[in-house]
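Asks: Kindly generate the corresponding structure for this input.
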Amino acid sequence: MIALDTNFLVYAHRSDNPFHNIVRAAISKAIDHGMPLGIPVVCVHEYLAVVTNPRIFHSPTPPDLAFDQIHSLTEVAKARLLLPGQRHLGVLRRLAFDSGIRGAQFHDARIAAICIENGVSQIWSADRDFSAFKELDVRTPQSLVNIH
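Replies: All right, here's what the predicted structure looks like:
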């Protein structure tokens with residue numbers, strides 16, 4: 001399963017982002033090829049906080065349109081929301097000790113733990129901090145330009 005990080009959700013939604021076309025095309029190809037997609041629920045929350053924020057965007061996305069974007073992805077593409085489960089703290093603890101993370105790095109570790117717990121093998125993200133978690137194959141927008 002492929003997980004979509006917050007920045008990929010933002011890039012796919014905001015046509016004013018330079019990675020918009022690359023990310024949209026990669027997600028479309030994944031859907032067309034029947035690749036299972038997952039969206040960590042914390043990434044949905046962060047996506048909503050980013051795209052609706054007038055301090056980030058001159059023309060922020062209205063909340064109803066932001067929700068529609070996530071809804072269309074989860075309904076049409078059959079992407080599923082990824083939730084932390086009973087093993088979450090154990091997986092998070094293992095990731096923390098294995099990678100030596102501290103402080104704010106726990107945000108990405110939380111996302112990584114949710115992904116791993118839900119069987120994700122690859123995360124699409126512009127955040128290179130995920131490379132600290134060896135169980136996840138990180139793909140950046142640039143690496144997806146020629147996805148087949």
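Asks: shaky segments in this structure?
Replies: For the chain, the stretches with pLDDT under 70 are 146-148.
Asks: tell me the centre residue of it?
Replies: If you average the C-alpha coordinates of the chain and look for the closest C-alpha using CA atoms, centre = their mean, you land on Asp5, 1.4 Å from that point.
Asks: give the contact list for the residue nearest to it when sequence neighbours are not counted.
Replies: Computed as CB to CB, 6 or more residues apart in numbering, the closest residue to Asp5 that is not its neighbour in sequence is Ser125, at 3.4 Å. From N, CA and C alone the C-beta is placed, and that goes for glycine too. With contact taken as CB atoms under 8 Å, 6 or more residues apart in numbering, Ser125 is in contact with 5-8, 138-140.
Asks: Looking at those residues, which are in helices?
Replies: Counted as lying in helices by DSSP state H, out of the contacts of Ser125, are 6-8.
Asks: ranges for the helices of the chain?
Replies: For the chain, the helices defined by DSSP H occupy 6-13, 20-32, 41-51, 63-76, 88-99, 105-117.
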